[in-house]
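K.L.:
Output the structure for:
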Amino acid sequence: MSEDRDQAGAPEPHREDWQRARRPEEKAARREAILSAAKALLDERGLDDTTISEIGRASGVSKASCYRYFESREAILLEVAVEEVRAWAAEIVTELEPLAGSRDLEGVARVYAKATAARPRFCMLSSALSSVLERNVSADGVLQFKRRFNGAAFETVDGVRKAVPELTSQQMALFMRFLYAAIAGSWPGAASSPAIKRIMRRKEFDAVRSDFETSIFDYCRLMLRGLVDEASEG
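P.N.:
A predicted model of the protein is given here:
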């Protein structure tokens with residue numbers, strides 16, 4: 001359940017800019033203000049402290065008005081996730097173009113790792129999709145989100161197959177599915193508290209310590225190598 005939908009609180013003061021938007025451009029501007037506020041709060045405070053009350057305050061839109069545009073806090077953050085995955089995919093598509101025909105597995109892995117590590121907001125939301133963000137959204141809302149999110153992510157597949165032509169569509173679907181799991185599994189450790197990071201710098205943890213970008217690079221490189229070997233054996 002959204003963390004503050006059912007919390008009781010003092011009525012929010014009336015503000016002129018919280019009046020209901022009438023024209024399409026006003027509605028679009030109000031919606032964009034909500035999304036922009038959510039992004040800023042995610043960057044500043046993290047997922048747990050990005051509440052719908054805080055989004056409303058930061059956007060200049062009342063909490064009640066936020067619900068006219070999005071069904072829940074989680075729906076707002078899923079929309080941000082769609083924007084993030086589109087930007088992530090666009091960068092990867094562009095960076096893969098020079099690798100066409102190269103069969104450069106490390107180069108492809110480096111593109112994915114660099115683009116992923118450069119977007120902590122994308123990683124934060126990706127790591128919380130099934131456990132948090134899809135829990136307070138209607139079934140239809142989740143369906144539409146998954147179609148848009150996965151559609152955007154899979155736009156990167158053609159670039160990989162141009163770089164490594166022997167890979168099949170089925171193999172790339174497997175690669176993408178496990179890439180999601182790698183991001184979701186690796187990000188919480190990368191975003192751990194300063195105290196935990198200090199502990200992990202101890203020599204006794206050398207064998208298991210790796211920064212986030214390196215982890216994603218290693219995953220992509222090894223997965224691609226395994227898929228290419230599988231294709232050659234077939």
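
K.L.:
Quick one: mean pLDDT over stretch 219-228.
P.N.:
Mean pLDDT, stretch 219-228: 97.

K.L.:
what does it rub up against?
P.N.:
105-106, 108-109, 112-113, 160, 164, 166-167, 171, 174-175, 178-179, 182, 186 (CB atoms under 8 Å, 6 or more residues apart in numbering). C-beta coordinates here come from the backbone N, C-alpha and C atoms, glycine included.

K.L.:
Please pick the buried ones from those residues.
P.N.:
Buried subset of the contacts of stretch 219-228 (neighbour count, 16 or more other CB atoms under 10 Å): 105, 108-109, 112-113, 160, 164, 167, 171, 174-175, 179, 182, 186.

K.L.:
Rounded mean pLDDT for the helix ranked longest in the chain, please.
P.N.:
Criterion DSSP state H: the longest helix present in the chain is helix 73-96. Averaging pLDDT along helix 73-96 gives 98.

K.L.:
helices and strands around that helix, which ones?
P.N.:
helix 24-45, helix 52-59, helix 105-117, helix 120-126, helix 139-153, helix 157-163 (3 or more CB pairs under 8 Å, 6 or more residues apart in numbering; DSSP states H and E).

K.L.:
Switch those over to CSV; also include distance to R73.
P.N.:
Putting those into CSV (distance: least, CB to CB, whole Å) gives the following:
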stretch, distance to R73
helix 24-45, 8
helix 52-59, 4
helix 105-117, 25
helix 120-126, 12
helix 139-153, 12
helix 157-163, 32
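
K.L.:
what would those look like in CSV with distance to R225 and mean pLDDT?
P.N.:
Formatted as CSV, those follow (distance: least, CB to CB, whole Å; pLDDT from 0 to 100):
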stretch, distance to R225, mean pLDDT
helix 24-45, 34, 94
helix 52-59, 43, 96
helix 105-117, 6, 98
helix 120-126, 24, 97
helix 139-153, 21, 97
helix 157-163, 13, 97
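
K.L.:
that older thread, buried residues in the longest helix of the chain?
P.N.:
Result for helix 73-96 [16+ other CB under 10 Å]: buried residues 73-89, 91-93, 95-96.

K.L.:
Please apply the same query to stretch 32-47.
P.N.:
A33, I34, L35, A37, A38, K39, L41, L42, L47.

K.L.:
wait, isn't the fourth one in contact with I55?
P.N.:
What it means is A37. Yes - taking CB atoms under 8 Å as the definition, A37 is a contact partner of I55 at 5.0 Å.

K.L.:
Which parts of the protein belong to which domain?
P.N.:
1-70, 72-233 (automatic domain parsing).

K.L.:
Comparing those domains, which comes out most buried?
P.N.:
domain 72-233 (a mean of 17; mean count of other CB atoms under 10 Å).

K.L.:
Quick check: end-to-end length of it?
P.N.:
This stretch, domain 72-233, spans 49 Å end to end (CA to CA, to the nearest Å).

K.L.:
any idea of the pLDDT on D206?
P.N.:
64.

K.L.:
To S210, which of the helices and strands packed on helix 73-96 lies closest?
P.N.:
Comparing the helices and strands packed on helix 73-96 against S210 with CB to CB, the closest turns out to be helix 105-117 (11.4 Å).

K.L.:
chain center to that closest one: distance?
P.N.:
Using CA atoms, centre = their mean, to the nearest Å, the distance from the centre of helix 105-117 to the centre of the chain it belongs to is 16 Å.

K.L.:
Please list all residues in contact with the residue nearest the centre of the chain.
P.N.:
In the chain, the residue lying closest to the centroid (CA atoms, centre = their mean) is F122, at 2.9 Å. Contacts for F122 (CB under 8 Å, 6+ apart) come out as A81, E84, V85, A87, W88, T116.
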